[in-house]
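J.: Build me a model:
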Amino acid sequence: MALFKKRTAGKPGEWYYCLEHKKVEEGPECPAKDRFGPYASREEAQHAMDTARERNLQWENDPRWHDAPAGGTEEG
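T.: Sure thing, here's the model as predicted:
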């Protein structure tokens, strides 16, 4: 008996961006490991990579999330 059922069709209005095929999909067509989403609209899904890039920049520049210096010791 399977613990998780595979959902073969998405709900109408759920949009995803497939990282493998680099395309927008309505409903999850590709495995979860290969997609971003769900998004509320096709346009949001089309900009998934831009959104990810912006969030990465915010994270990289957030002083609360910096790793220890290369010397291996952390000040403070």
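J.: For residue 60, see how far away the residue nearest to residue 26 when sequence neighbours are not counted is.
T.: Spatially, and ignoring its direct neighbours in sequence, residue 26 is nearest to residue 15 (5.9 Å; C-beta to C-beta, 6 or more residues apart in numbering). All C-beta atoms are positioned from the backbone trio N, CA, C, and that covers glycine. Distance, residue 15 to residue 60, using C-beta to C-beta, to the nearest Å: 27 Å.
J.: Comparing those two, which shows the higher neighbour count?
T.: More neighbours surround residue 15 than the other of residue 15 and residue 60, with 22 against 9 (other C-beta atoms under 10 Å).
J.: pretty sure that one is in contact with residue 41, am I right?
T.: Yes: using C-beta atoms under 8 Å, residue 15 is in contact with residue 41, at 6.3 Å.
J.: which residues of the protein fall in helices?
T.: 42-46, 48-60 (DSSP state H).
J.: Distance to residue 21 for those - can I get that in a markdown table?
T.: Listed next are those as a markdown table, based on distance: least, C-beta to C-beta, whole Å:
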| stretch | distance to residue 21 |
| --- | --- |
| helix 42-46 | 13 |
| helix 48-60 | 13 |
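J.: Deepest-packed of these, please.
T.: helix 42-46 (a mean of 15; mean count of other C-beta atoms under 10 Å).
J.: what mean pLDDT does that helix have?
T.: Here helix 42-46 scores 96 as its mean pLDDT.
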